[in-house]
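**Q** quick one, structure for this:
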Amino acid sequence: MPAPDLDTIVSLAKRRGFVFPSSEIYGGFANAYDYGPLGVELKRNIRDAWWRAMVRERDDVVGIDAAMMTNPRVWIASGHTETFNDPLVDCKECRQRFRPDHIEEGQYGEAERDAEGNLRCPSCGGELTEPRLFNLMFSTQVGTVVDEGSIAYLPPETAQGMFVNFENVRSSMRRKLPFGIAQTRVSFRNEITPGRFIFRTLEFEQMEMEFFCRPDAAAEWHRYWIDERQRWYAETIGIDPARLRIRDHEPEELSHYSAGTSDIEYDFPWGWGELEGIANRTDFDLKAHSEHSGQDLTYFDEETRERFTPYVIEPAAGLTRTLAVALLENYTVEPDEKGDERVVLKLPPVIAPIKVAVLPLSKKNTLSPTAKRIHALIRSHWMTQYDETQSIGRRYRRQDEIGTPLCVTVDFDTLEDEAVTIRERDTQEQVRVPIARLVEALRERLPGVAG
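**A** Residues are numbered from 1 along each chain as shown. Got it, this is the predicted structure:
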């Protein structure tokens, strides 16, 4: 089925506790969002699934957690201070600021032009200034004295912490090429964005890995990671491969460090857009940090007796963007067991925020003690939710809509036979199992989920 429109997902996200507009009681804050009780669980599960695939299940990748505040010289060496800029235009009448390419692409609606063909303000139709370059890094002050020497930057990406720790990781972990360093962390970019929910925000969490290899093996590893990452989205996040594609960057699109970048793109409601980029960063970063720091970041191959600067392949994914795609891709409307319409969020169990819901058939005190005892039993294994409010049908609908794979129903027969009913989200099938083997039965129905 086609992906739902964005308004549907935004409504679901707020109503069911996935994502809230930040500072909403004060009117919100542009391009900033808070993650609610279900959103933070979904985000954590996606992050853990990525970490498991990229680090724990591999012998050639290790992880780090680099400091967020770093020496400003890091950003000089990486080129961000000089080149990390966007051309922006200002409206001379309403004073709003825009990226001209976003106006031309129609991201604010159909682009308007004057008689000479110049773009007009998409907000009020006013005259725009000539484009000017603005650095996308947020600056801050470190120390008690505010002067030029106290300026520092919030990280616009996670990569540099892995590059400056290349030698520390290599020597402490006794690594030989090829090997990777992975990290997940919040990044900040002072971008002018056209909205679109959490797809482009001022702060966002990235999941990145820098894979160091011999220069003559870089092309092969680049292809490997493109295939590996595309497979992960299909198998782990549940994305239909037909809604994924690979787009290679044209030469004029490439970043200053890249010898080749390929995007894994998703078919969003508004068209194809980037989900993850896999770049061949060559030896640019290690050479730049060697030059600016005076430290030797080359690699000596003991087998070939060669010394060289490794090339780097970088799979860089956005965690918050992946979360939004998981909601888009798995949102389904279909008939329930009675033929009525139900909304089902068919999240793979491994990333679903709630794994099991415990639902007593009645709120009467005769069922509650047994139901709460079962809830306590299951909660020690998986993230669960206890719900005894409203009819059982409505409670099933709520759990379907938030993506809970399994419901355990406690009824009056439970008091006699010490058995409960397991209901599966996708098939709506129900099966009766003894409480004594409930955990085992749930584990069989939650493939790939620890517990």
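**Q** which regions of the stretch 1-150 of the chain lie under the pLDDT threshold?
**A** 1-2, 83-84, 144-149 (pLDDT under 70).
**Q** show me the contacts for the residue positioned nearest the centre of the chain.
**A** Nearest to the geometric centre of the chain sits Leu319, at 1.3 Å (Cα atoms, centre = their mean). Applying Cβ atoms under 8 Å, 6 or more residues apart in numbering to Leu319 gives the contacts 43, 46-47, 50, 184, 204-207. Every residue, glycine included, has its C-beta placed from N, CA and C.
**Q** what sits closest to it if chain neighbours are left out?
**A** Glu205 (4.0 Å; Cβ to Cβ, 6 or more residues apart in numbering).
**Q** and Asn330, by the same measure?
**A** Excluding its sequence neighbours, the residue lying closest to Asn330 (Cβ to Cβ, 6+ apart) is Lys346, at 4.6 Å.
**Q** which ones are touching that neighbour?
**A** Counting by Cβ under 8 Å, 6+ apart, Lys346 has contacts 238, 330, 332, 403, 425-426.
**Q** element containing the residue nearest to Leu319?
**A** Here Glu205 sits within strand 203-213, counting by DSSP states H and E.
**Q** can you show me the helices along the stretch 101-250 of the chain?
**A** Remark: helices assigned in the stretch 101-250 of the chain by DSSP state H, counting those that start in this stretch are 159-164, 166-172, 218-232.
**Q** now swap in the stretch 351-451 of the chain and tell me
**A** 368-379, 392-402, 414-417, 438-444.
**Q** distance to Glu82, mean neighbour count and mean pLDDT added to those, as a markdown table?
**A** As requested, the helices of the stretch 351-451 of the chain are exported to a markdown table (distance: least, Cβ to Cβ, whole Å; neighbours: other Cβ atoms under 10 Å; pLDDT from 0 to 100):
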| stretch | distance to Glu82 | mean neighbour count | mean pLDDT |
| --- | --- | --- | --- |
| helix 368-379 | 53 | 17 | 94 |
| helix 392-402 | 46 | 19 | 94 |
| helix 414-417 | 68 | 13 | 92 |
| helix 438-444 | 54 | 16 | 96 |
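**Q** and those: which comes nearest Arg16?
**A** Nearest of the helices of the stretch 351-451 of the chain to Arg16, taken as Cβ to Cβ: helix 392-402 at 5.2 Å.
**Q** surely Ala13 touches Ala326?
**A** No. Assessed by Cβ atoms under 8 Å, Ala13 is found out of contact with Ala326, at 11.1 Å.
**Q** Leu154: what's it in contact with?
**A** Leu154 touches 68-69, 137-140, 188, counting by Cβ under 8 Å, 6+ apart.
**Q** an error on my part: the question was meant for Tyr331.
**A** With Cβ under 8 Å, 6+ apart, Tyr331 has these contacts: 3-4, 8-9, 12, 343, 345.
**Q** tell me which of those residues fall in helices.
**A** Taking DSSP state H as the definition of helices, the contacts of Tyr331 contribute 8-9, 12.
**Q** and Pro178, how many neighbours does it have?
**A** Per other Cβ atoms under 10 Å, the neighbour tally for Pro178 reads 19.
**Q** what sits closest to it if chain neighbours are left out?
**A** Cys213 (4.0 Å).
**Q** follow-up on the earlier one: closest one to Glu306 out of the contacts of Lys346, please.
**A** Using Cβ to Cβ, the contacts of Lys346 come closest to Glu306 at Gly238, 44.2 Å.
**Q** any idea of the pLDDT on that closest one?
**A** pLDDT, Gly238: 92.
**Q** over to the one 3 residues further on?
**A** Listed pLDDT for Pro241 reads 95.
**Q** quick check: nearest residue in space to it, chain neighbours excluded?
**A** Ala234 (5.0 Å).
**Q** which ones are touching that neighbour?
**A** With Cβ under 8 Å, 6+ apart, Ala234 has these contacts: 240-241, 244.
**Q** top of these by number of neighbours, please.
**A** Leu244 (20 neighbours).
**Q** isn't that one right up against Gln230?
**A** Yes. With contact defined as Cβ under 8 Å, Leu244 counts as touching Gln230 (6.0 Å).
**Q** give me the common contacts of the two.
**A** Ile264.
**Q** with just CA atoms, put stretch 303-310 into PDB.
**A** Presented in PDB, the C-alpha positions along stretch 303-310 are these (Å, rounded to 0.1, in the frame of the first residue of the first chain):
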ATOM      1  CA  GLU A 303      53.000  -7.700   6.100                       C
ATOM      2  CA  THR A 304      53.800  -5.400   3.100                       C
ATOM      3  CA  ARG A 305      56.200  -3.100   5.100                       C
ATOM      4  CA  GLU A 306      54.300  -0.100   3.600                       C
ATOM      5  CA  ARG A 307      53.400   3.100   5.400                       C
ATOM      6  CA  PHE A 308      50.400   5.000   4.100                       C
ATOM      7  CA  THR A 309      47.400   7.000   5.200                       C
ATOM      8  CA  PRO A 310      44.200   4.800   5.200                       C
END
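**Q** check which residues of stretch 419-439 are buried.
**A** 419-423, 425, 428, 433, 435, 438-439 (16 or more other Cβ atoms under 10 Å).
**Q** show me what contacts the closest residue to Gly161 other than its chain neighbours?
**A** What sits nearest to Gly161 in space, not counting adjacent residues and going by Cβ to Cβ, 6+ apart, is Ala66, at 2.6 Å. Contact analysis of Ala66 by Cβ under 8 Å, 6+ apart lists 158, 160-162, 164-165, 183, 185.
**Q** Glu210 versus Ala66, what's the distance?
**A** 11 Å (Cβ to Cβ, to the nearest Å).
**Q** cool, Asp400 as well?
**A** Counting by Cβ to Cβ, the gap from Asp400 to Glu210 is 40 Å.
**Q** likewise Pro100?
**A** 33 Å.
**Q** compare those two (neighbour count), which wins?
**A** Applying other Cβ under 10 Å to Pro100 and Glu210 shows that Glu210 carries more neighbours, namely 28 against 16.
**Q** who are the contact partners of the more buried one?
**A** 159, 162-163, 180-182, 281, 312-314.
**Q** could you do Lys43 as well?
**A** So Lys43 contacts 35, 205, 319-320, 323 (Cβ under 8 Å, 6+ apart).
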